[in-house]
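1. got a structure for you, letters missing:
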């Protein structure tokens, strides 16, 4: 494996600082490099932004001398230039902050979804104020479509890094064909986890209500530290409307490990 690189979009807000803190601690643990990018709309704002970015980088290096940290300022928009910067610096993962689920923050959260679907890179979405503690349990929802397992490699990487237990969960199905498809998808992920000597449990969740709410309830019940899921180009978990948006802005602020399954063409871990 080549040297790991984590890209962190920073908008000079508390949310950007949160993402940088999380990425920095993760990078030290995994011996990765961190690359910051700040995007301005107009070229006239670039010099001032560069000064701010240099201050942020220097401050972080002073606190964490062993951290390999770089960055740049781009003129453009977040929906294009995060993807282009990630390609340029050969990032394996984008670690991005987002706001919670109150008021206008829901709209900002939807911006995060649009950025995720702009590239085939996996993202780790962090809400404001979340610190990187030990990840002990990763909740991995599986759906009837094979695309829902495409976060598997990244989830495996995180589980190995933290020696975490993976919880494979799926909704029960009354249709036999759909039930078989879900079980087969769970077996695919389980095989990968077993191969990598990762502890895992499987759980079929019955009852009324949406699978999205059941997933969040389950994550809270088992004290999950991360949720790993695949989405399609419309920003939805396969066949489940608005699920990914709800995970990204979940009230418990559990980090979301997420990949746009339709665009996946490479293995990053």
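-> Now that the structure is in, tell me what you want to look at. Owing to the predicted nature of the structure, the values given are computational and were not obtained by experimental measurement.
2. Give me the neighbour count for residue 216.
-> Neighbour count of residue 216, defined by other CB atoms under 10 Å: 22. Quick note: C-beta positions are derived from backbone N, CA and C, even for glycine.
3. tell me the contacts of it?
-> The contact partners of residue 216, taken as CB atoms under 8 Å, 6 or more residues apart in numbering, are 246-247, 250, 252.
4. hmm, which of these are the buried ones?
-> Neighbour-count burial (16 or more other CB atoms under 10 Å) is assigned, among the contacts of residue 216, to 246-247, 250.
5. nearest to residue 13, of those residues?
-> residue 250 (19.9 Å; CB to CB).
6. Secondary structure class of that closest one, three-state.
-> Secondary structure state of residue 250, per DSSP: H, G, I helix; E, B strand; the rest coil, is coil.
7. Give me the neighbour count for the residue nearest to residue 10 when sequence neighbours are not counted.
-> Distance criterion CB to CB, 6 or more residues apart in numbering; nearest residue to residue 10, sequence neighbours excluded, is residue 16 at 3.8 Å. One way to gauge burial is a neighbour count; for residue 16, by other CB under 10 Å, it gives 19.
8. can you give me the strands for the protein?
-> For the chain, the strands defined by DSSP state E cover 5-9, 33-40, 68-75, 93-98, 123-127, 137-141, 165-171, 200-205, 226-231, 256-260.
9. Need the single longest helix in this structure, by residues.
-> Counting by DSSP state H, the longest helix found in the chain is helix 176-195.
10. my guess is residue 133 meets residue 225, correct?
-> Yes - applying CB atoms under 8 Å, one finds residue 133 in contact with residue 225, separated by 7.1 Å.
11. before we move on, back to that, which strands or helices does the longest helix of the chain pack on?
-> Judged by 3 or more CB pairs under 8 Å, 6 or more residues apart in numbering; DSSP states H and E, the packing partners of helix 176-195 are helix 152-162, strand 165-171, strand 200-205.
12. quick check, nearest of the contacts of residue 216 to residue 30?
-> For residue 30, the closest of the contacts of residue 216 turns out to be residue 247, at 23.1 Å, with distances computed as CB to CB.
13. How about the closest one: what's its closest non-neighbour residue?
-> residue 256 (4.9 Å).
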